[in-house]
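In: Test case, fold it:
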Amino acid sequence: MRLNTTATKLLAIVLAVGLVGSTVAFAFAVPPAQTTDSHVSTQDTSYLRVVHASPDAPAVDVRVENETVLSNVSFGAVSDYLSLPAGTYNVSIVVTGTDTAVFDDAVTLSARSLTTVAASGEVTENASSTFEPVFFVDDAYTPAENESALSVIHLSPDAPAVDVTTANGSVVLAENVTFQNGSDYVSVPAGNYTVEIRPATAGNNGTVAATFDVALEGETAYSALAVGYLDADAAPADTPFDLVLTEDATLTVELPSANESMNESMNESMNETTGNETTTTDEETGTEPTTTDEEAGTETDTETEARVAI
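Out: Numbers count the residues shown, from 1 in each chain. Down below sits the predicted model:
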């Protein structure tokens, strides 16, 4: 299952909501067409996007360091990935059209994190679920040219655990996904699908509760967000059930060449055979300590890169 945690949830969601709609350029969380510098260092940066999925929550304004960065954010908004230096920020959130602050605190962001944060649950008094932000780590690998990756995230407060299939139950895309959780990514051929959402059963064949048409492109990962109320007539707000399809960050892994791998294997074998030490410390050699690229603040090349394939 994709990561779900309550730790520091409110802090991160407020900052993320506050920056909905921002366009930023960074190495692995911006569509290629929007990237202005594909070599931006990611060593001291955090990447966030937000889904406003609390169906009875009011619209809000958000301030970062006492500056209003967004006004009238409402249910259903999904932000772009946002690039922020790791650190601590003062963030406040107020109900739109009022001076009533529902949050005002310091927000600390860790470096090198790539996360979708969903504002979920309900704010109405005595509601069936508690309002809370939930974290999901976006960790899909880039699909092949004619393949797509799909994860289903359950954010509907009154819906039971669900199975998600293609038309007539022919392919199971996700099973037994419970509220505030997400399924692992699955690979499917790129194309157009009719998606059926059903109460979870052992055979993934429950009565279809809702049907949606989705289009999945090749080399692209998606989250299908189940939001709103399954029974809007009996809910605190008239927010019908819906499926929001959003494109996710993906990972591109660069493997060493065959020659490099062979040389590394031979060197390891020779070192093991001869009993030679493979490394020496600065103290042993009497040389001055060296500074790594990360310590110096310069960009380093890694074997793993991440990007958004939008």
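In: pLDDT weak spots in the protein?
Out: By pLDDT under 70, the weakly predicted segments of the chain are 1, 3-42, 61-64, 69-70, 91-94, 102-103, 107-109, 252-310.
In: What segments of it are helices?
Out: 9-18, 258-274, 282-285, 293-296 (DSSP state H).
In: okay, now the residue lying closest to Ala118 once chain neighbours are set aside: neighbour count?
Out: In this structure, Ala118 finds its nearest non-sequential neighbour in Val51, 4.4 Å apart by C-beta to C-beta, 6 or more residues apart in numbering. Any C-beta I mention is one placed from the backbone N, CA and C, and that applies to glycine too. Using other C-beta atoms under 10 Å, Val51 is surrounded by 29 other residues.
In: What's the separation between Val51 and Leu173?
Out: Taking C-beta to C-beta, to the nearest Å as the measure, Val51 falls 19 Å from Leu173.
In: Then Asp138?
Out: Asp138 is 18 Å from Leu173, by C-beta to C-beta.
In: In contact with the residue nearest to Ala118, which residues?
Out: Val51 sits next to Ala77, Val78, Ser79, Thr116, Val117, Ala118, Ala119, Leu155, Leu225, Val227, Val244, Thr246 when contact means C-beta atoms under 8 Å, 6 or more residues apart in numbering.
In: ditto for Ala167
Out: Ala167 sits next to Tyr193, Thr194, Glu196 when contact means C-beta under 8 Å, 6+ apart.
In: among those residues, who's most crowded?
Out: Of those, with other C-beta under 10 Å as the count, Glu196 tops at 23 neighbours.
In: There's contact between it and Gly169 in this structure, I believe.
Out: Yes - applying C-beta atoms under 8 Å, one finds Glu196 in contact with Gly169, separated by 6.9 Å.
In: What's the local residue count around the closest residue to Glu147 other than its chain neighbours?
Out: With sequence-adjacent residues excluded and distances taken as C-beta to C-beta, 6+ apart, Glu147 is closest to Ser187, at 5.1 Å. Using other C-beta under 10 Å, the number of residues around Ser187 comes to 13.
In: Same question for Val188.
Out: Residues lying near Val188 (other C-beta under 10 Å) number 16.
In: Identify the bridge partners of it.
Out: Ser148 (DSSP bridges).
In: Which residues are in contact with it?
Out: Glu147, Ser148, Ala149, Leu150, Val171, Leu173, Leu216.
In: Of those residues, which qualify as buried by neighbour count?
Out: Burial by neighbour count, 16 or more other C-beta atoms under 10 Å: within the contacts of Val188 this picks out Glu147, Ser148, Ala149, Leu150, Leu173, Leu216.
In: Would you check that Ala235 makes contact with Asp56?
Out: Yes - counting by C-beta under 8 Å, Ala235 touches Asp56, with 7.3 Å between them.
In: From Asn168, how far out is Asn72?
Out: Using C-beta to C-beta, we find Asn72 at a distance of 42 Å from Asn168.
In: Kindly report the same for Val51.
Out: 29 Å.
In: Ala202 too?
Out: Separation of Ala202 from Asn168 (C-beta to C-beta) stands at 18 Å.
In: hmm, who's touching stretch 157-164?
Out: Contacts of stretch 157-164 (C-beta under 8 Å, 6+ apart): 55, 120-122, 127-129, 152, 154, 172-179, 183, 195-201, 204, 206, 209, 224, 226, 229-231, 234-235, 241.
In: From one end of it to the other, what's the distance?
Out: Start and end residues of stretch 157-164 are separated by 17 Å (C-alpha to C-alpha, to the nearest Å).
In: list the buried ones in it?
Out: For stretch 157-164, the neighbour count (16+ other C-beta under 10 Å) marks Pro157, Asp158, Ala159, Val162, Asp163, Val164 as buried.
In: count of residues packed around Val137?
Out: 15.
In: List the contacts of it.
Out: Counting by C-beta under 8 Å, 6+ apart, Val137 makes contact with Arg2, Leu3, Leu114, Thr115, Thr116.
In: Of those residues, which pair is most distant in space?
Out: For those, the farthest-apart pair by C-beta to C-beta is Arg2 and Leu114; their separation is 12.1 Å.
In: thinking again about what came up before, which of the contacts of stretch 157-164 count as buried?
Out: For the contacts of stretch 157-164, buried by 16+ other C-beta under 10 Å: 55, 120-122, 127, 129, 152, 154, 173-177, 179, 183, 195-198, 200, 204, 206, 224, 226, 229-230, 235, 241.
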